[in-house]
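**Student:** I'd like to go over a predicted model; first the sequence, then the structure.
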Amino acid sequence: MLDRNLAEPLLDVANVETSYGQSRVLFDISLSIAPGEMVSLMGRNGMGKTTTVRSIMGLTRAAAGAIRFAGEDIRDLPAYRVAQRGIGLVPEGRQIFPNLTTRENLTATAANRTAAREPWTLDKVLALFPRLATRAATMGNLLSGGEQQMLAIGRALMTNPRLLILDEATEGLAPLIRDEIWQCLQSLRAAGQSILVIDKNVGALTRIADRHTIIERGRVVWTGTSPELEHAVDVQHRYLGI
């Protein structure tokens, strides 16, 4: 596992509070991700995980706290500016373009704004997900759920992000497809990709992630490493329903 003390955070979320109208959803949320680190954000449904992601991405503005990416304060930036800084989002529900082909989905927003030395290309993404190579000319709405999730990951990678965020990485997918997604994330992490992942699969996450943050009712209730979470059976039962 990565020693996060050796590097300054790539993403640093500090004391963030976010509301929808008069309803406060996040209370003093803090988490960080070092370059090359994979961190999970876990909790039961409705506890604020997606709102945390939306706050990071500028989709729902945080009312208080700081969100810094690569040393820059991004809390007040619009979502497209956040994306341009080098954060790629795989949103909950995939949100691929249904009337574009697989190839068109992958190339529509492709960019190398961060000047990656070995940028992601269409050929590289199709090699990562061979299923997509055979479906390159297929419209997005005709892909299976698993293929759509692979496409959503590939589309994010084509922006050459410094940080990849996945909201509900394997939700609703068949076991074999879930395994493929975890293998993909493991290979990305091994290649040095920084990742924030939301998912409910504690077993998979403790195998491949460096650290974990658990939230309950919009508050951080536990943080720790994979070995620590594996041994914290009471924490798993109390906050994750395992």
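**Tutor:** Happy to help now that I have it. This is a predicted model, so every value here is computed, not measured. Numbering: from 1, shown residues only.

**Student:** use CA for all of it now, contacts and neighbours both
**Tutor:** Will do.

**Student:** okay, now residue 118: neighbour count?
**Tutor:** Neighbours of residue 118 under the rule other CA atoms under 10 Å: 8.

**Student:** hmm, I was thinking of residue 60
**Tutor:** By other CA under 10 Å, neighbour count at residue 60 equals 19.

**Student:** surely it meets residue 54?
**Tutor:** Yes. The pair residue 60 / residue 54 is scored as a contact, 5.3 Å apart, by CA atoms under 8 Å.

**Student:** Bridge partners for the most centrally placed residue in the chain, pull those for me.
**Tutor:** By CA atoms, centre = their mean, the chain has its centre lying nearest to residue 165, at 1.9 Å. Per DSSP bridges, the residues bridged to residue 165 are residue 89, residue 196.

**Student:** From residue 107, how far out is it?
**Tutor:** Going from residue 165 to residue 107 by CA to CA, to the nearest Å gives 19 Å.

**Student:** what does residue 61 give?
**Tutor:** Counting by CA to CA, the separation of residue 61 from residue 107 is 29 Å.

**Student:** Could you check which of these two has the larger neighbour count?
**Tutor:** For residue 61 versus residue 107, neighbours defined as other CA under 10 Å are more numerous around residue 61 (20 against 16).

**Student:** Identify the residue nearest the more buried one in space, chain neighbours excluded?
**Tutor:** Nearest non-adjacent residue to residue 61, counting by CA to CA, 6 or more residues apart in numbering: residue 55, 5.5 Å away.

**Student:** List the buried residues for the longest helix anywhere in the chain?
**Tutor:** If you go by DSSP state H, the chain has its longest helix at helix 175-190. By 16 or more other CA atoms under 10 Å, the buried positions in helix 175-190 come out as 177-178, 181-182, 184-186, 188-189.

**Student:** How far off centre is it?
**Tutor:** 13 Å (CA atoms, centre = their mean, to the nearest Å).

**Student:** elements contacting that helix?
**Tutor:** If contacts are counted by 3 or more CA pairs under 8 Å, 6 or more residues apart in numbering; DSSP states H and E, helix 175-190 sits against helix 145-157.

**Student:** Below-threshold pLDDT in the chain: ranges please.
**Tutor:** Where the chain drops to pLDDT under 70, the residues are 1-7, 242.

**Student:** in which helix or strand would I find residue 106?
**Tutor:** According to DSSP states H and E, residue 106 maps onto helix 102-108.

**Student:** Touching whatever helix or strand comes next after that helix from outside, list them.
**Tutor:** Going down the chain from helix 102-108, the next helix or strand is helix 122-128, by DSSP H and E. Here helix 122-128 makes contact (CA atoms under 8 Å, 6 or more residues apart in numbering) with 103, 106-107, 132-133, 154, 157-158, 184.
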